[in-house]
Structure formats: C-alpha cells, structure tokens
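# quick check, what structure comes out for this input:
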Amino acid sequence: MDRLETRELVYFAALADELHFSRAAENLGISQPVLSRAIARLERRMGVRLLHRTSRSAELTEAGRTFRDECRMLLRQLDGAVRRTRRSVGSSRLVIAVRPGTGSGLLSQVLRQYSGPEPELVFTHQRADAVREGIADAALVCVGSDDLTGLQGVEMGEELPVVLLPRDHQLAGRAGVTVADVQGEPAYRAQCPESGLDEIMDRVALGRLVTVVGSAVSDRLPEEVSAVPVTDLPPTTLALCWLSGRSTPQLADLVDTVGSRRPLASLAA
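Numbering: from 1, shown residues only. Model (predicted):
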C-alpha cells in the first residue's frame, strides 16, 4: 500500500467528528462528492471498512474508531514536528493548548495583562499530551479528568458546564437541563469538535451542533446561540500547566502574570 497522505487523515478525522458527509465537507471547504470519493478510495487502499453509510449519516466501524484515534494522534505529532522545528530556529511565540469551545473567560483575563507577543492557541482534547509532545508550551487543563503526569502548574479558576443550543431550540429557554435531555438530540456531540469558538458557534446557530462546554463561553455568545446550565454535571477546575522543570522566558512571564494562584501540586493533595 502506498503511504497515506496527510490530506486523507484530515478528511477522515473531520468526518469522524461530524459523522455526516455534507457537514464534514462544508467544514473542510470541499464538496460532498469529493469527500465521499476520498473516503471510499481510502477504504480501498487500506482494505478495511471504516464506515457504515446511510443516506443521511455515517457510523464508524470498530476499525473506523481505531483509525480515528490514530489519525488524531498522527496529526498531533505532525503539529508537534512543526512546533519543534520553529523552536529550533528561535521562534519566540508562546503556544497554549486549550479545550475546543473554550471562551475568552479565565485565560483572556490573564492574557489581557500579559506583556509578551499574543500566544497562539491550539484547540485539542489532548491538551496535556500536546505539552508533553512539544506541540504547546503550556495548556489549560481540567484538574481531576486530564492526565497531568509530568506536569506542574497553577489553578486558574472554576467553570460550570453549559450546553450550547440554537436560540430557537425547545430547550433554550430552560433554567437548566440534564445530560439526558440533550443526548437524544440529532446534532448532539459528546465531544466538542476540535475547532475555534467562532466556528463552533456557527455550527450551533445553524442547528448542526449541540454540545457541552465551559461557562466561560458566555461572554462570546452570538445572538443566535443560547448557553443553558447542565445541572447534573460537576463544575470543572481549570489549571495552567507546563512540563515540570521546563520553561521559556515567555512562559515564565505568563506564569508571573497568572500571579499567586494555588499551585497544582496542592490541588492533587
């Protein structure tokens, strides 16, 4: 088998996020037939069925779920290679891994006081891994749910879970909802797509996405989107983390800007 192209990994990862050919194609900026042919060609080349297709959606096979995870890992590693190469020639821009769907919230409060160049944000669910793999200098992680092995950091604050819904959705006017209330929604995704907040808000407004994020998004809600508290999920403690014993002048300046918040080590005690 010829070596796969990066483009094929990106196409399949996008489809695995959406499980809908038209929406994935639109997100990629290509036509639906082009995406369908690319995925069919990928399956032929690999000799493995990755999807069960219907007229309106797609479902991952067991092999598809495995390949989705492998694609995400390979794309992270590629990002890491680019980042490490930039660092080798003295690139000074700070890179911070953040959760998809994150609002300006806690991090922006710090960045407004940060005197260095504006950091680059990497949107990923594997934020701690992004730091360990060299993709990011630091990450905004969830204490208690992310694997923080090898990291140190400081607590940033707490977020409450909210579900993003189109403004005219039947649940949008409620004071609170449960996870069960939204799980049956056709557009519900338990894991928020690895995209910037503006793109996620656009998908929600168009009725293509319902997902749970942190309450820090509340200051970035467009008129077409509502954020409703999810009452049966606990709040999340966020911390800014970096590799133990490894820092850069820019990261040190950011940590100084964070100030005298509680060290991460004491949170685990």
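# which residue is nearest the centroid of this structure?
Central residue of the chain (Cα atoms, centre = their mean): P100, 2.9 Å from the mean position.
# was I right about it contacting I200?
Yes: P100 lies in contact with I200 (Cβ atoms under 8 Å); the separation is 6.9 Å. To be clear about C-beta, it is placed using only N, CA and C from the backbone, and glycine gets the same treatment.
# now do the strands in the protein.
Along the chain, counting by DSSP state E, strands occupy 51-53, 58-60, 95-98, 120-123, 138-142, 151-159, 161-166, 211-214, 225-229, 236-243.
# mean confidence score for the third one?
Mean per-residue pLDDT for strand 95-98: 86.
# so where do the helices sit in this protein?
Along the chain, counting by DSSP state H, helices occupy 6-18, 21-28, 32-46, 62-88, 105-111, 127-132, 179-183, 197-205, 249-258, 264-268.
# which of the residues in the first one are buried?
For helix 6-18, a neighbour-count test (16 or more other Cβ atoms under 10 Å) marks E8, L9, Y11, F12, A13, A14, L15, A16, D17, E18 as buried.
# format these as a markdown table; extra columns: pLDDT.
What follows is the buried residues of helix 6-18, written out as a markdown table (pLDDT from 0 to 100):
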| residue | pLDDT |
| --- | --- |
| E8 | 93 |
| L9 | 93 |
| Y11 | 93 |
| F12 | 94 |
| A13 | 91 |
| A14 | 89 |
| L15 | 91 |
| A16 | 89 |
| D17 | 84 |
| E18 | 83 |
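# need the max-distance pair from those residues.
Greatest spacing in these, by Cβ to Cβ: E8 and E18 (16.3 Å).
# so how far is D147 from the closest residue to T248 other than its chain neighbours?
Take T248 and drop its neighbours on the chain: the residue closest to it by Cβ to Cβ, 6 or more residues apart in numbering is D137, 6.1 Å away. Applying Cβ to Cβ, to the nearest Å, the value for D137 to D147 is 18 Å.
# these two: which has the busier surroundings?
A direct count of neighbours by other Cβ atoms under 10 Å for D137 and D147 places D137 higher, at 24 against 11.
# so where's the stretch 151-269 of the chain uncertain?
Scanning the stretch 151-269 of the chain for pLDDT under 70 picks out the ranges 259-269.
# swap the cut-off to 90 and go again
Scanning the stretch 151-269 of the chain for pLDDT under 90 picks out the ranges 152-160, 173, 184-187, 189-203, 206-209, 213-222, 235-269.
# would a markdown table of the helices of the chain with distance to S215 be doable?
As requested, those are exported to a markdown table (distance: least, Cβ to Cβ, whole Å):
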| stretch | distance to S215 |
| --- | --- |
| helix 6-18 | 23 |
| helix 21-28 | 25 |
| helix 32-46 | 34 |
| helix 62-88 | 26 |
| helix 105-111 | 8 |
| helix 127-132 | 18 |
| helix 179-183 | 16 |
| helix 197-205 | 13 |
| helix 249-258 | 20 |
| helix 264-268 | 20 |
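# pick the most deeply packed of these.
Of all these, helix 127-132 carries the top mean neighbour count, a mean of 22, counting by mean count of other Cβ atoms under 10 Å.
# check S91 and give its pLDDT.
Note for S91: predicted pLDDT of 59.
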